[in-house]
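A.B. asks: what's the 3D shape of this:
(chains A, B, C and D)
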There are 2 protein chains.
Amino acid sequence: MSGPARHASTAAAPRADNRLPLILDAAARFFAEKGYGYTSMRDIAGAAGMLPGSLYYHFASKEELLVAVYAEGVRRIKAALAPALAPDVDPWQRLENVCAAHLTGLLEDSDYGQVVIRVRPDDAPEVAERLVALRDDYEQTFARAIQALPLPPRTDRRALRLMLLGALNWSQTWYRSGRDSPAVLARRFVRLLRDPLER
Amino acid sequence: MSGPARHASTAAAPRADNRLPLILDAAARFFAEKGYGYTSMRDIAGAAGMLPGSLYYHFASKEELLVAVYAEGVRRIKAALAPALAPDVDPWQRLENVCAAHLTGLLEDSDYGQVVIRVRPDDAPEVAERLVALRDDYEQTFARAIQALPLPPRTDRRALRLMLLGALNWSQTWYRSGRDSPAVLARRFVRLLRDPLER
DNA sequence: CATCCTACCAAACAACTGTTTGTTTTGGGA
DNA sequence: TCCCAAAACAAACAGTTGTTTGGTAGGATG
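C.D. replies: Numbers count the residues shown, from 1 in each chain, chains lettered A, B, ... in the order given. You can find the predicted model right below:
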């Protein structure tokens, strides 16, 4: 899964000057900024300082490269979410932390997280199921975070999750760096849910 | 803006067997289902029963075709929103109506509305500003609908708009026809905002 | 009926796409 | 030092992309 694409059987040691991380970084940057379909293998290869054909030593196809970036993206957002899940003081503070962590990993931390949200699984039909699985994996983490919250008994937690995740993910559309920080936005959104709009 | 691409000066009458609406419908369908970049002019031409080159009699470029679909999409969602803005009984009912209308136009009514939400303006750099303008035009309609709501004095209406629009628009990702209707979803989301999560 | 212009067809263009194939360089273990 | 596999180069492949150009059927109009 993570080693060279073709020499899996011989189990040889990788070299130190391996440029694979460079490839992944470049791919993540382009996928996040231009989208999957609008990024060519030549774009990625050029940014990594190599020829387009050389990418195929590391990945069997463009779609496989996307899977690798996607997986790394999920790994990073999950990692960013972990500390927010620690048994905190206030459950509302915990929800706010979860949202803030999600937003940070989504908007500022790296390109990897943005890829997970921006790129649609259907864009790579051959590996779509794997991408969906990766995304679900993360969303279940998010779901458990909400499940653990002590909310009023009649609360529709599924609707809450969909609403919150939607509002957060859509922020990728209008968010501009330098203005309100992810933490501020998270607090603002949670406040809207917490404080009743009806008196 | 809406007539033939090249013969704008001569101002001639269009013919009855004009297949332009067929083109627009086909383009809207493909743009909504596959996305802008993943749709080829051949796809659209084929679905409209004509050759790819023939599209260029009606539109100067693929991007101009997108603008036309986009504009029609905005027109339709705005039209769907209009009745919901009428001075209704309850302001909360009005907000719910607005959300339901938005969701309906977005998820079920037609492909045109989906294009406005799905296709990113950056995907067509040459006409990106015009697309943004069209989208803003609609979102201001939505904003005014929220502005008119009698809410508690300290309510952050901007955050409310961003949160609600985000949650609604993101539903395009997880919505499956035949399950909960747009109206039900709208009610559920508005309830979450209306009823306090904290007792 | 003759004409004109709308609305299309037919065929090609250059540029770009993901990918393959054969060859070469080069670092690390023996 | 030798040597092999890792990792890259160099160059092409077939297919697709948006678009252009020249020609033409056929409704509408006088």
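
A.B. asks: residues in contact with the helix or strand of chain A with the lowest mean pLDDT?
C.D. replies: Ranked by mean pLDDT, DSSP states H and E, the weakest helix or strand in chain A is helix A:91-107, scoring a mean of 90. Helix A:91-107 is contacted from outside by A:76-77, A:80-81, A:83-85, A:88, A:113-114, A:117, A:142, A:145-146, A:148-150, A:164-165, A:168-169, A:171-172, A:175, A:177, A:182-183, A:185-187, A:189-190, A:194, B:198, using Cβ atoms under 8 Å, 6 or more residues apart in numbering or on different chains. (Glycine included, C-beta is placed from N, CA and C.)

A.B. asks: cool, and stretch A:143-162?
C.D. replies: So stretch A:143-162 is contacted by A:81, A:84-85, A:91, A:94-95, A:98, A:139, A:142, A:164, A:193, B:167, B:170-171, B:174, B:185, B:188-189, B:191-192, B:197-199 (Cβ under 8 Å, 6+ apart).

A.B. asks: can you pull the buried residues of the least confident helix or strand of chain A?
C.D. replies: Residues A:92, A:94-107 are the ones in helix A:91-107 that count as buried (16 or more other Cβ atoms under 10 Å in any protein chain shown).

A.B. asks: I would like a PyMOL command selecting only the buried ones among the contacts of helix A:91-107, please.
C.D. replies: To isolate the buried subset of the contacts of helix A:91-107 in PyMOL, counting by 16+ other Cβ under 10 Å, use the following:
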select buried, chain A and resi 76+77+80+81+84+85+113+114+117+142+145+146+164+165+168+169+171+172+175+182+185+186+187+189+190
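
A.B. asks: thinking again about what came up before, next helix or strand past the least confident helix or strand of chain A?
C.D. replies: Once the chain leaves helix A:91-107, the next helix or strand it forms, by DSSP states H and E, is helix A:111-118.

A.B. asks: helices or strands next to that following helix in the packing?
C.D. replies: helix A:20-34, helix A:62-81, helix A:91-107, helix A:128-147, helix A:157-174 (3 or more Cβ pairs under 8 Å, 6 or more residues apart in numbering or on different chains; DSSP states H and E).

A.B. asks: so for the first one, mean pLDDT?
C.D. replies: I take that to be helix A:20-34. Confidence for helix A:20-34, expressed as mean pLDDT, is 97.

A.B. asks: is DNA strand C contacted by whatever helix or strand comes next after it?
C.D. replies: Counting by DSSP H and E, the element after helix A:20-34 in chain order, helix or strand, is helix A:41-47. Yes: judged by Cβ under 7 Å from any atom of the strand, helix A:41-47 and DNA strand C are in contact via A:41-43.

A.B. asks: and helix A:41-47 with chain B, contact?
C.D. replies: No: Helix A:41-47 is not in contact with chain B by Cβ under 8 Å from any Cβ of the partner chain; minimum separation 13.9 Å.

A.B. asks: buried ones in that helix, by neighbour count?
C.D. replies: A:41, A:43-45, A:47.

A.B. asks: rewinding a little: and the least confident helix or strand of chain A with helix A:111-118, angle?
C.D. replies: Helix A:91-107 runs at 100 degrees relative to helix A:111-118, counting by axes from the mean of the first three to the mean of the last three Cα atoms, to 10 degrees.

A.B. asks: how close does the closest residue to A:Glu33 other than its chain neighbours get to chain B?
C.D. replies: Of all residues not flanking A:Glu33 in the chain, A:Asp111 sits nearest, at 7.4 Å (Cβ to Cβ, 6 or more residues apart in numbering or on different chains). With the distance defined as Cβ to the nearest Cβ, to the nearest Å, A:Asp111 ends up 15 Å from chain B.

A.B. asks: neighbours around A:Asp111, how many?
C.D. replies: Per other Cβ atoms under 10 Å in any protein chain shown, the neighbour tally for A:Asp111 reads 20.

A.B. asks: ok, so of the buried residues of helix A:41-47, who is nearest chain B?
C.D. replies: A:Asp43 (13.9 Å; Cβ to the nearest Cβ).

A.B. asks: thinking that closest one is in contact with A:Phe30, fair?
C.D. replies: Yes: if you go by Cβ atoms under 8 Å, A:Asp43 and A:Phe30 touch, sitting 5.3 Å apart.

A.B. asks: closest residue of chain A to DNA strand C?
C.D. replies: In chain A, the residue that lies nearest DNA strand C is A:Gly53 (2.5 Å; Cβ to the nearest atom of the strand).

A.B. asks: check what pLDDT that residue gets.
C.D. replies: Note for A:Gly53: predicted pLDDT of 95.

A.B. asks: likewise for A:His7?
C.D. replies: Confidence score, pLDDT, at A:His7: 39.

A.B. asks: and what of the one 4 residues further on?
C.D. replies: The model reports A:Ala11 with a pLDDT of 49.

A.B. asks: what's the answer for A:Ile146, then?
C.D. replies: 85.

A.B. asks: A:Gln140 too?
C.D. replies: So, for A:Gln140, pLDDT stands at 92.

A.B. asks: need the contact list for A:Val115.
C.D. replies: Contacts of A:Val115 (Cβ under 8 Å, 6+ apart): A:28, A:31-32, A:66, A:69-70, A:73.

A.B. asks: one more: A:Arg135?
C.D. replies: A:Arg135 neighbours (Cβ under 8 Å, 6+ apart): A:70, A:74, A:116, A:121.

A.B. asks: ok, A:Val132 - contacts?
C.D. replies: A:Val132 touches A:Pro121, counting by Cβ under 8 Å, 6+ apart.

A.B. asks: also A:Asp123?
C.D. replies: By Cβ under 8 Å, 6+ apart, A:Asp123 lies in contact with A:35-37, A:66, B:35, B:38.

A.B. asks: and for A:Tyr70?
C.D. replies: A:Tyr70 touches A:115-116, A:119, A:131, A:134-135, counting by Cβ under 8 Å, 6+ apart.

A.B. asks: again, only this time at 7 Å
C.D. replies: A:115-116, A:131, A:134 (Cβ atoms under 7 Å, 6 or more residues apart in numbering or on different chains).

A.B. asks: any idea of the pLDDT on it?
C.D. replies: 97.

A.B. asks: skipping its backbone neighbours, what lies nearest the residue nearest the centre of chain A in space?
C.D. replies: The residue lying closest to the centre of chain A (Cα atoms, centre = their mean) is A:Gly113, at 3.0 Å. Closest residue in space to A:Gly113, ignoring its immediate chain neighbours: A:Gly105 at 4.3 Å, by Cβ to Cβ, 6+ apart.
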